[in-house]
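Q: Pasting the sequence and the predicted coordinates here, then a few questions.
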Amino acid sequence: MIAIWSPSLTGAGDAERALKASKALIARAQNLVLGGRPVGLHVGLHTGPVVLGLVGPTHHSDFATIGQTVRLAARLCALVGEGQILATQTTVDKAGTADAEVMQVVEGYGPTQMAYLIT
């Protein structure tokens, strides 16, 4: 799943709103069961520009969000454990959160980013 907060649509504070929503989703998912199995969420947050719109031929197009920001957020999802949130330095700075501890360096998706485990 991907969620996008846009300051052009909702005003400033998009990183903070994304972080709050992620914490709420993690809390709610702890009690959810789907197909007899608990729902486990892995959340990766990065702040930056994205390209979004219809992709593909006219007869079979999909609405998609693509770009370096999306790839980095997906990479963070793959790195973090179930029920955890991993955010880049960019997102932590914009969200103004102190509830973060350095986890690792993430390379290969544009500029090197520190990744923070959000508590």
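A: Received, thanks. Note that the coordinates shown come from a computational prediction; the quantities given were computed from them, not determined experimentally. Residues are numbered from 1 along each chain as shown.

Q: can we go C-alpha only for contacts and neighbour counts from here?
A: Will do.

Q: now for the strand or helix carrying residue 104, which elements pack on it?
A: Per DSSP states H and E, residue 104 falls inside strand 100-106. Judged by 3 or more C-alpha pairs under 8 Å, 6 or more residues apart in numbering; DSSP states H and E, strand 100-106 is in contact with strand 113-118.

Q: what are the pairing partners of the strand it packs on, and which direction each?
A: Here strand 113-118 is paired, per DSSP bridges, with strand 84-88 (antiparallel), strand 100-106 (antiparallel).

Q: Return the most buried member of the ones you listed.
A: strand 84-88 (a mean of 26; mean count of other C-alpha atoms under 10 Å).

Q: Give the buried residues for the next helix or strand after that strand.
A: Under the assignment DSSP H and E, the closest C-terminal helix or strand after strand 84-88 is helix 89-95. Within helix 89-95, the residues that qualify as buried are 89-92, 95, counting by 16 or more other C-alpha atoms under 10 Å.

Q: In stretch 37-44, which residues are buried?
A: Applying 16+ other C-alpha under 10 Å to stretch 37-44 flags 39-44 as buried.

Q: CA atoms only: put that stretch into PDB for me.
A: The C-alpha coordinates for stretch 37-44 follow below in PDB (Å, rounded to 0.1, in the frame of the first residue of the first chain):
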ATOM      1  CA  ARG A  37      -3.500 -14.600  10.100                       C
ATOM      2  CA  PRO A  38      -2.600 -11.400  11.900                       C
ATOM      3  CA  VAL A  39      -2.000  -8.400   9.700                       C
ATOM      4  CA  GLY A  40       1.600  -7.300   9.900                       C
ATOM      5  CA  LEU A  41       2.600  -3.900   8.600                       C
ATOM      6  CA  HIS A  42       6.100  -2.700   7.700                       C
ATOM      7  CA  VAL A  43       6.200   1.100   7.200                       C
ATOM      8  CA  GLY A  44       8.800   3.000   5.200                       C
END
